[in-house]
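In: sequence plus the predicted model coming up.
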Amino acid sequence: MPDKWLGVDLGIVNLATDSTGEAHTGKGVRAVRRRHARLRARLQAKGTKAAKRLLKARRRKESWFARDVNHRISKHLVGKAEDTRQGIALEDLEGIRDRVTVAKAQRADLHSWSFYQLRTFITYKAALAGVPVRLVDPRNTSRTCHQCGHCDKRNRPTRDDFSCVWCGFAGPGDHNAAINIGRRAVSHAADDAA
């Protein structure tokens, strides 16, 4: 087992942010999905055979695009972990859609989120490269300060920002969460060794 773990925080705005602070934005994916949703609505309203044929083609095109983005992100993360001789620590997001509540405007983003596909790609590419992958409990990783360990809901004043109410540390929220995810993998490795 490696001594260091590359923590990866998965999200909707930033699809993946690693513990070095590098973020893979989901802006392009969301823009394509929204454009396709508008086109889908127009085609569904028509209801003709040609419209149904176009709907099928659009669905495939959108799926291929998201798949390509996930392949590129997973390849980059696995390469980075392999080059630095680290393992990859991911959040175990099983059942996240059932546990999370979001505003009506954000439901489409949440339900079209392909984090499981990204996790699958990372896992199989890591196995081919000999990089271990560990799933950790994501609970409170975004609310806990990686500097002092203080966990508080107020530490995350906005979706993007982290500001510890205890020690005053401030920085990008996803980066802070990714560091915590990497640390949880280290503590799990210590528990396994004991």
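Out: Cool, got the structure.
In: what about the longest helix in the protein?
Out: For the chain, the longest helix by residue count, based on DSSP state H, is helix 49-83.
In: tell me the buried residues in that helix?
Out: For helix 49-83, the neighbour count (16 or more other Cβ atoms under 10 Å) marks 54-55, 58, 62, 66, 69-70, 73-74, 77-78, 80-82 as buried. (Glycine included, C-beta is placed from N, CA and C.)
In: from the rest of the structure, what touches the helix or strand following that helix?
Out: As assigned by DSSP states H and E, the chain's next helix or strand after helix 49-83 is strand 87-91. The contact list for strand 87-91 (Cβ atoms under 8 Å, 6 or more residues apart in numbering) reads 1-2, 4-10, 77-78, 81, 119, 122, 126, 131-138, 141, 181-182, 184-185.
In: drop anything exposed from these.
Out: Using 16+ other Cβ under 10 Å as the burial test, the contacts of strand 87-91 include 2, 5-10, 77-78, 81, 119, 122, 126, 131-136, 138, 141, 181-182, 184-185 as buried.
In: residue contacts, residue 143?
Out: Counting by Cβ under 8 Å, 6+ apart, residue 143 makes contact with 151-153, 155-156.
In: ignore what I typed, I meant residue 174.
Out: Counting by Cβ under 8 Å, 6+ apart, residue 174 touches 9, 11, 14, 17, 23, 142, 160.
In: by contact count, what packs against the host helix or strand of the first one?
Out: For residue 9, the enclosing helix or strand under DSSP H and E is strand 5-10. Counting contacts by 3 or more Cβ pairs under 8 Å, 6 or more residues apart in numbering; DSSP states H and E, strand 5-10 is packed against strand 14-18, helix 49-83, strand 87-91, helix 115-129, helix 173-193.
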